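S.K.: how would this look folded up:
(2 chains)
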Protein chains: 2
Amino acid sequence: MELNFTEKQTKNVSFTCKIKRTLHTEKSSFQEIAVLETIEFGKMLVLDGTVQTTIEDEFVYHEMITHVPLYTHAEPKRILVIGGGDGGTIKEILKHPTVESVELVEIDERVVQVSKKYLPEISYALNDPRVKINIRDGIEHIKNINTKYDIIIIDSTDPIGPAEGLFTYDFYSNINKKLTDTGILIAQTESPFFNKELIKNVFKNISSIFPIAKLYLANIPTYPSGLWSFTIGSKKYDPTVVNISAKYDINSKYYTKKIHNSCFVLPEFVKELLI
Amino acid sequence: MELNFTEKQTKNVSFTCKIKRTLHTEKSSFQEIAVLETIEFGKMLVLDGTVQTTIEDEFVYHEMITHVPLYTHAEPKRILVIGGGDGGTIKEILKHPTVESVELVEIDERVVQVSKKYLPEISYALNDPRVKINIRDGIEHIKNINTKYDIIIIDSTDPIGPAEGLFTYDFYSNINKKLTDTGILIAQTESPFFNKELIKNVFKNISSIFPIAKLYLANIPTYPSGLWSFTIGSKKYDPTVVNISAKYDINSKYYTKKIHNSCFVLPEFVKELLI
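M.R.: Got it, this is the predicted structure:
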């Protein structure tokens, strides 16, 4: 018997993975949640039919959304993650010795619970005493909090369904108000091959709110096109001029201090999206 | 009616593209050749079920296999391309003003003819007077020629079927003998996510033959994992120290002079393959 999972990555392209078995499926109040055991990528978390993370390649996404902004900031102490209920981003954040507290705001409690149960290799850091988990809507949370953060990470799903509002000018603008004077916003911003308009719009919005806006890239095989973008909005620190080599070391499988600089060097067709 | 083309990228992962229609299919003496009209990537050349190139993303592969070695060499005049019957690599080579002659050695005449007929956007440079096309086996050709080249480009299919011998120590060693004292070999060397052993072996072989060996990366959405590697063997010029910014300009959509340096900055897991 051959079992397959297929994701429609765009209207006209799809990605199919042979699976050994389905470890979990449910329909939560927000989305369809599945954990599959794939042959090529190990266990895989799927939300509404879209690959979120896999054991084999999670390191690229989680390292790159985390270490670039955390090494850019001189002393990141207080971090907020919006989305990211699988805990992979938290796991990477806690590698930085200056970090005192991490807050996770995840809309769907079931993502956290399912990840804790089925993906301990990724989610283990959710139990760390420095981590506080808030189950609520990130958009509402940002409006209502009084705290300020050094870094806010938008670790969202694609801009359809529950995550749509996480890619808007208003949301970035509200985040700006909840960052310290040296604060940094970082958002995952989809594929430069398949989501050109989204990248253009997000970059325009973040550039209009923050004095420093930069886009960088990483290679994630299970994400559409294999090339993924991240957008930084920063109040003080420029990620492309910071002296990374002088900083403390951490363990990583993708990120290196040299990649910190090279990931901002964009192919011509991506540069053109940001003008 | 929905028509789909599916490539099995690995034993356990496949990539499916909706197509409008099949423009051409045939079984040549060497392989199955198809030209499909896809919705997402425009026309696509497929050999033995594997995507070779598409109108939408050919620029990445062809620019990156060409401009990195040609800008590395001080004055590339005489170039040999092994494989590459679609002409995309030739098209990029001819952008360099120093180039006097390009020879293409393609085993399958039908690839050249089909590309000329169905993919003129990619193949047009095959008609340039500086280009000479030899229909023969690259391995035999390299053994028998008396000419020497400034740059030899191995623009091959995957290392199964007709291209298997193009990834061996003996072949690289024979190429070395047909390069000038300042010559450069460049080979496409598959995906760092899916072809780790191949990359290790090729790099070990090329390192043992050439004083300078380097691997670099580019993002190609229609190739397995979306991340692709190229390996350089060089007798004199180191691609990572050459002063690219002082050189002439060319038009490109992916390659930039800054990417010339950044493409050699490898993720930690890729660096580890080369030790």
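
S.K.: In contact with residue A:126, which residues are there?
M.R.: Residue A:126 is in contact with A:87, A:90, A:104, A:112, A:115-116, A:133, counting by C-beta atoms under 8 Å, 6 or more residues apart in numbering or on different chains. Bear in mind the C-beta positions are built from the backbone N, C-alpha and C, glycine included.

S.K.: That one falls within a helix, correct?
M.R.: Yes: assessed with DSSP: H, G, I helix; E, B strand; the rest coil, residue A:126 lies in a helix.

S.K.: now it: how far from residue A:63?
M.R.: 17 Å (C-beta to C-beta, to the nearest Å).

S.K.: Among the contacts of residue A:126, which lie within strands?
M.R.: A:104, A:133 (DSSP state E).

S.K.: Any chance of JSON lines for the contacts of residue A:126, columns neighbour count and pLDDT?
M.R.: As requested, the contacts of residue A:126 are exported to JSON lines (neighbours: other C-beta atoms under 10 Å in any protein chain shown; pLDDT from 0 to 100):
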{"residue": "A:87", "neighbour count": "29", "pLDDT": "98"}
{"residue": "A:90", "neighbour count": "30", "pLDDT": "98"}
{"residue": "A:104", "neighbour count": "26", "pLDDT": "98"}
{"residue": "A:112", "neighbour count": "19", "pLDDT": "98"}
{"residue": "A:115", "neighbour count": "25", "pLDDT": "98"}
{"residue": "A:116", "neighbour count": "17", "pLDDT": "98"}
{"residue": "A:133", "neighbour count": "17", "pLDDT": "98"}
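
S.K.: just the contacts of residue A:126 now: which is nearest residue B:246?
M.R.: Top of the list for closeness to residue B:246, among these and by C-beta to C-beta, is residue A:90 at 46.1 Å.

S.K.: ok, the closest one touching residue A:103?
M.R.: No: in this structure residue A:90 lies outside contact range of residue A:103 using C-beta atoms under 8 Å: 9.7 Å.

S.K.: Not counting sequence-adjacent ones, nearest residue to residue A:191?
M.R.: Leaving aside its sequence neighbours, residue A:191 sits nearest to residue A:225 (C-beta to C-beta, 6 or more residues apart in numbering or on different chains; 4.4 Å).

S.K.: Look at that neighbour and report its pLDDT.
M.R.: Per-residue pLDDT puts residue A:225 at 98.

S.K.: And the one 4 residues further on, by the same measure?
M.R.: pLDDT recorded at residue A:229 is 98.

S.K.: Note down every partner strand of the helix or strand hosting it and its orientation.
M.R.: Using DSSP states H and E, residue A:229 sits within strand A:227-234. Sheet pairing for strand A:227-234, assigned by DSSP bridges, gives strand A:179-188 (antiparallel), strand A:212-219 (antiparallel).

S.K.: Would you convert those into TSV that also reports mean pLDDT?
M.R.: Below are the strands paired with strand A:227-234 laid out as TSV (pLDDT from 0 to 100):
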stretch	mean pLDDT
strand A:179-188	98
strand A:212-219	98
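
S.K.: will you turn the ones you listed into CSV that also has mean neighbour count?
M.R.: Listed next are the strands paired with strand A:227-234 as CSV, based on neighbours: other C-beta atoms under 10 Å in any protein chain shown:
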stretch, mean neighbour count
strand A:179-188, 22
strand A:212-219, 22
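
S.K.: could I get these as a markdown table with distance to residue A:202?
M.R.: Shown next, in a markdown table, are the strands paired with strand A:227-234 (distance: least, C-beta to C-beta, whole Å):
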| stretch | distance to residue A:202 |
| --- | --- |
| strand A:179-188 | 7 |
| strand A:212-219 | 9 |
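
S.K.: Just give the closest residue to the residue of chain A at minimum distance from chain B, not the sequence neighbours.
M.R.: Nearest to chain B in chain A, going by C-beta to the nearest C-beta, is residue A:226, at a distance of 1.4 Å. Ranked by C-beta to C-beta, 6+ apart and with sequence neighbours excluded, the top spatial neighbour of residue A:226 is residue B:226, at 1.4 Å.

S.K.: Touching, residue A:134 and residue A:103? I think so.
M.R.: Yes: between residue A:134 and residue A:103 there is a contact under C-beta under 8 Å: 6.4 Å.

S.K.: Look up how far residue B:114 lies from the residue nearest the centre of chain A.
M.R.: The centroid of chain A falls nearest to residue A:155 when counting by C-alpha atoms, centre = their mean (3.2 Å). According to C-beta to C-beta, residue A:155 and residue B:114 sit 46 Å apart.

S.K.: Get me the contact residues on the stretch 51-200 of chain A for chain B.
M.R.: Applying C-beta under 8 Å from any C-beta of the partner chain, one finds that the stretch 51-200 of chain A approaches chain B through A:57, A:59-60, A:191, A:193-194.

S.K.: From those residues, which land in helices?
M.R.: Among these, DSSP state H puts A:59-60 in helices.

S.K.: quick check, nearest of the residues of the stretch 51-200 of chain A next to chain B to residue B:239?
M.R.: residue A:60 (24.8 Å).

S.K.: The closest one: what's it in contact with?
M.R.: Residues in contact with residue A:60, defined by C-beta under 8 Å, 6+ apart, are A:218-220, A:253-254, B:267.

S.K.: and the nearest residue to residue A:231 once chain neighbours are set aside, how many neighbours does it have?
M.R.: In space, and not counting its chain neighbours, residue A:231 is closest to residue A:189: 4.6 Å by C-beta to C-beta, 6+ apart. For residue A:189, the tally of surrounding residues (other C-beta atoms under 10 Å in any protein chain shown) stands at 24.

S.K.: pretty sure residue A:189 is touching residue A:229, no?
M.R.: Yes: using C-beta under 8 Å, residue A:189 is in contact with residue A:229, at 4.7 Å.
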